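> Structure for this input, please:
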Amino acid sequence: MSLPEVLLTLAGQRDRLRRTADALVKVSQNSILKADYPDLRLDASTALRRIAGELDGQLRTADRPFTIALVGEFSVGKSTVVNALLNLDGSVALSAKDDPDTACSVLLCGRGEGDPEARLHFEDGTREDTTWQRASRLASQVWLADHPEDASVSDDLVEIEYFVASEVLAGIAINDLPGTGSRYWERHTALTHRKMKEADAILWVVGEPEPSAESVHDLRVLGDCRQRVHPLVNVWEDPEVGIARDEAAVARAVARLKKNFGTLFAGEPICVAARVIQLERAKGAPSRDVLRRAGWDDLVQVVDALRGNGTGGDRLHRVCGASIALGNEACDTLLGSVDTLDAWITRIGAASTQATSRFDDIGSVHDDVRGRVRGLARERAIRISHHVGAAGAAFVEDTLQIDNWSDIGTTLRWRGRELLEAQLKQRFLAEYLQLDKQPSWLDELGAEYAEEVRMVVVPAWRQLLARLPAYTGSGANIPTPRIEIGPLGQALVKAVFNVLARVLGIIAIGGMLAMIPGGVIIDVVAILGLLILSAISDPLAGARRRAVERVRLQADAQQHEIQNRLFEAGLEGNAVIEAAVRAALQAGSDRATESLGLLHELRGVLSEGEESMRTSIQTFNDLLRGSR
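So this is what the prediction gives:
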């Protein structure tokens, strides 16, 4: 399972959490519930939206350069380390005040032609190009404390991106994060923990004193993401103000790190006098001996090692690890809400015994239908993945041929790889999957699936209504409702189709097809001209075998997410009839019955979300175990 495939599943997790949060808010704002049960609290939507936001952060950072984050308490010198590393001095240096000053995430990237000095990124996803001076003011907690007019802008600021002309930033980005443990603890620590999970490797910066419990907690948070963590002791030495190096204090700091946290690190602690390096590199002719004694060579060696070893595997581990941790948090939140709902359902149900009994019957039918629809979704997902896998295999066999001079010519043009990739994708979609035909095989399969769902759902609810006795309780009689389910079957089929069009044909299949041709074809065709010169009769035979196997594995890996989305479509169709049955049962019932209906429906949404999340977590765990 490749990174793009993982991201497709991750996007499904994010969207499901957002829909679940919306459902919680809708029920929480129901006028009857608010009036009759003012102490009912369903406040998990904030936590679910935060988790969805962090999952979205993993998605947004999955295609940026390999990123190294500097993490540590405030005033340990993280910004000074960055200034030393990138030779930033004077007006273009990051603020390195003694007070906690870095107000938001600061990302430093290599500067290319047309890049601005800085770019502001806001919570709502918008961005604004600006000058280094203005960005540095918005990033400074000290400046913002004295300039409330800028503080209002900074409140919505998530990250400042600086573009720096530096060889150090070739192929990587440096992320300077707000220090934790300051008086701005709540905002800074939450932001830092979120952003450090989006980095691919960590430089954990400490001073000579022993790290505090808060700083150690920062380190533990990284365990969720499986990143490589490299410890850096920032030595207190500044010739400008007469602070001399204390070798004994440095040795004690290194010994403490190795003893207490050695198992968490990817390498030995390095000692860097960042201020000395910054001052020396600012000179016209810096002394190599001074830089070496200050730890410059060790710092460059660590950064170069991260640059050279940064692979897709590192990012895959980071994304999967963070998604597992966030998924577990979401599951705990969802289960907590289910427990809350169960308690309220019991409490409200005591006031409406008749309604409780009938909704229990609805719950039984819902569970039965759900299990049968899941089986249908699994069978259809297998057929889809096999169909796409076979088409992809045929495409690979036909494309990786030694006489394929057209594709060879494309790779030799300017931006040839991008042009070839677009051509291969279009060719695969049009000639092999033939999704542009009306109706396509996917449309026909969807129609068959919708009809199968109808054949499962309609009889189940019809049987429920037929066997319902006339319940009597509290002196009231709620008659068995009269409802014609048959005509609702077409509405069910339409609902299934609407969901399939939205989340299957466009997202799941489209996302999968974009990667089926894969890098294998691109890479092989790009070197085809060299292979032809060999004495082998068919130099592409081995490449074809590997590419075909990869295509089949990629198609199979998507089966679970396609099954999830087919399952969602089937449940959407079931909801058409279930909602009608619930409405009929609620007719003439008291307010407690209506409240029970809302809570039972919400409980189903939460339970489905938790189960889907558990399945995705298992997929990510299996992937991590298999890649070790």
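
> Tell me how far the closest residue to residue 268 other than its chain neighbours lies from residue 379.
Closest residue in space to residue 268, ignoring its immediate chain neighbours: residue 258 at 7.6 Å, by Cβ to Cβ, 6 or more residues apart in numbering. No exception for glycine: its C-beta is placed from N, CA and C like everyone else's. Applying Cβ to Cβ, to the nearest Å, the value for residue 258 to residue 379 is 56 Å.

> Could you do residue 444 as well?
Applying Cβ to Cβ, the value for residue 444 to residue 379 is 15 Å.

> got a list of what the closest residue to residue 207 other than its chain neighbours touches?
The shortest distance from residue 207 to any non-neighbouring residue, by Cβ to Cβ, 6+ apart, is to residue 76 (4.5 Å). Applying Cβ atoms under 8 Å, 6 or more residues apart in numbering, we find residue 76 in contact with 179, 205-207, 234.

> about what we covered before: could you check which of residue 444 and residue 379 is surrounded by more residues?
The residue with more neighbours, out of residue 444 and residue 379, is residue 379; 14 against 10, by other Cβ atoms under 10 Å.

> That one and residue 575, how far apart?
21 Å.

> Could I get the contacting residues of residue 117?
Shown in contact with residue 117 (Cβ under 8 Å, 6+ apart): 130-132, 135, 162-163.

> again, only this time at 7 Å
131-132, 163 (Cβ atoms under 7 Å, 6 or more residues apart in numbering).

> Check residue 337 too.
24, 42, 44, 606.

> Then residue 238?
Contacts of residue 238 were listed using Cβ under 7 Å, 6+ apart, and they are residue 275.

> residue ranges for the strands of this protein, please.
66-71, 105-110, 118-122, 127-130, 157-164, 172-176, 201-206, 228-234, 270-272, 471-473, 476-478 (DSSP state E).

> neighbouring strands for the first one, and are they parallel or not?
Paired with strand 66-71 in the same sheet, following DSSP bridges, are strand 172-176 (parallel), strand 201-206 (parallel).

> And that strand, what's buried?
Going by neighbour count (16 or more other Cβ atoms under 10 Å), the buried part of strand 66-71 is 66-71.

> By mean pLDDT, flag the weakest helix or strand of the protein.
helix 528-532 (a mean of 34; mean pLDDT, DSSP states H and E).

> re the thing from before, lowest-confidence member of the contacts of residue 76, which is it?
The lowest pLDDT within the contacts of residue 76 belongs to residue 179, with 69.

> Verify the stated contact: residue 165 with residue 111.
Yes. Between residue 165 and residue 111 there is a contact at 4.7 Å, judged by Cβ atoms under 7 Å.

> what about these two, which has more around it?
residue 111 (15 against 10).

> What's the separation between the more buried one and residue 363?
60 Å.

> now residue 5
For residue 5, the distance to residue 363 - Cβ to Cβ - is 35 Å.

> the more surrounded of these two?
Between residue 5 and residue 363, counted using other Cβ under 10 Å, the more crowded position is residue 5 (20 against 13).

> Hmm, the more buried one is touching residue 558, no?
Yes. With contact defined as Cβ under 7 Å, residue 5 counts as touching residue 558 (6.3 Å).

> what residues do these two have in common as contacts?
Here residue 5 and residue 558 have no joint contacts, going by Cβ under 7 Å, 6+ apart.

> my guess is residue 333 meets residue 43, correct?
No. Counting by Cβ under 7 Å, residue 333 does not reach residue 43; the two are 10.3 Å apart.

> which of the two has more neighbours?
Between residue 333 and residue 43, counted using other Cβ under 10 Å, the more crowded position is residue 333 (24 against 11).

> Model confidence at the more buried one, what's the number?
96.

> Same question for residue 134.
Residue 134 is given a pLDDT of 88.

> do the one 3 residues further on as well
As summarised for this prediction, residue 137 has a pLDDT of 85.

> Next: residue 338.
Residue 338 is assigned 95 on the pLDDT scale.
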